[in-house]
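[1] next input, structure requested:
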Amino acid sequence: MPVGTNEWQKHHPWEPSPLSHPQPVPLVKPADLFNPMLTIADIMQQPVPTCALDAPLAEAARILRDTASEAVFVVGEGHPVGLVTDRQIALAVAEHGDNLSQLRVQDVMKHRVPTVRSDARLDALLDTFADEGVAVVDDAGRIQGVVRWLELLGHLSERALGKLVVNLFSPHRER
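    As a prediction, the model looks like this:
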């Protein structure tokens, strides 16, 4: 028997002691998920891969290649109005291979752009983060930066990362 074994454990060595955890231990507090001192502006990446609405789709593909990004944010007067992903470009090639040179970014872009303000805390990302990243905007809604997986990884606890992944792949989440 190990040292410090009580009488109950001598007769039940295969079971944990009923005294080992009399109260449930909370799994996580909100402060355990993120560094509470950091804002979005502290971790965002600049410059942001962007292009105009009427840009040729080939230009968006070049921007993706040159920036090693998964998405290009489409801007109109400095405001994010859409985004084009590498997947959307691949699907456009498969579907419109004959007239690919005539396609514009606005023909294939996603219209829902996840955004977050630069002065927000990191926990704002739990509800807004998308696989392609989040556009960081100023008070006037102009794009200032981007937060992608790469920027997040060093600043989230394992639990926050798990919570983010669950939110991303939740079946009721709007895409």
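[2] tell me who's in contact with the residue minimising distance to the centre of the chain.
    The residue lying closest to the centre of the chain (C-alpha atoms, centre = their mean) is F129, at 3.8 Å. Applying C-beta atoms under 8 Å, 6 or more residues apart in numbering, we find F129 in contact with P114, V147, L152, L164, N167, L168. C-betas here are computed from N, CA, C, even on glycine.
[3] show me which of those are buried.
    Neighbour counting with 16 or more other C-beta atoms under 10 Å marks P114, V147, L152, L164 as buried within the contacts of F129.
[4] can you lay out these as JSON lines showing distance to A90?
    Below are these laid out as JSON lines (distance: C-beta to C-beta, whole Å):
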{"residue": "P114", "distance to A90": "21"}
{"residue": "V147", "distance to A90": "24"}
{"residue": "L152", "distance to A90": "25"}
{"residue": "L164", "distance to A90": "26"}
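[5] tell me how many other residues surround E95.
    A count of nearby residues for E95, using other C-beta atoms under 10 Å, gives 11.
[6] no no, L53
    L53 has 14 nearby residues by other C-beta under 10 Å.
[7] just for this protein, where's the confidence low?
    Scanning the chain for pLDDT under 70 picks out 1-34, 171-175.
[8] show me where it has helices.
    Remark: helices assigned in the chain by DSSP state H are 7-11, 40-43, 57-67, 86-96, 105-108, 125-128, 149-152, 158-168.
[9] most widely separated two among the contacts of F129?
    Spatially, the most separated pair among the contacts of F129 is V147 and N167, at 14.7 Å (C-beta to C-beta).
[10] my read: Q88 touches K110, true?
    Yes. Contact criterion C-beta atoms under 8 Å: Q88 and K110 qualify, at 7.1 Å.
[11] out of these two, which sits in the more crowded spot?
    Applying other C-beta under 10 Å to Q88 and K110 shows that Q88 carries more neighbours, namely 20 against 16.
[12] OK, contacts around the more buried one?
    Here Q88 is in contact with V108, M109, K110 (criterion: C-beta under 8 Å, 6+ apart).
[13] wait, the first one touches A55, no?
    Put plainly, it is V108. No. The pair V108 / A55 is not scored as a contact, 11.3 Å apart, by C-beta under 8 Å.
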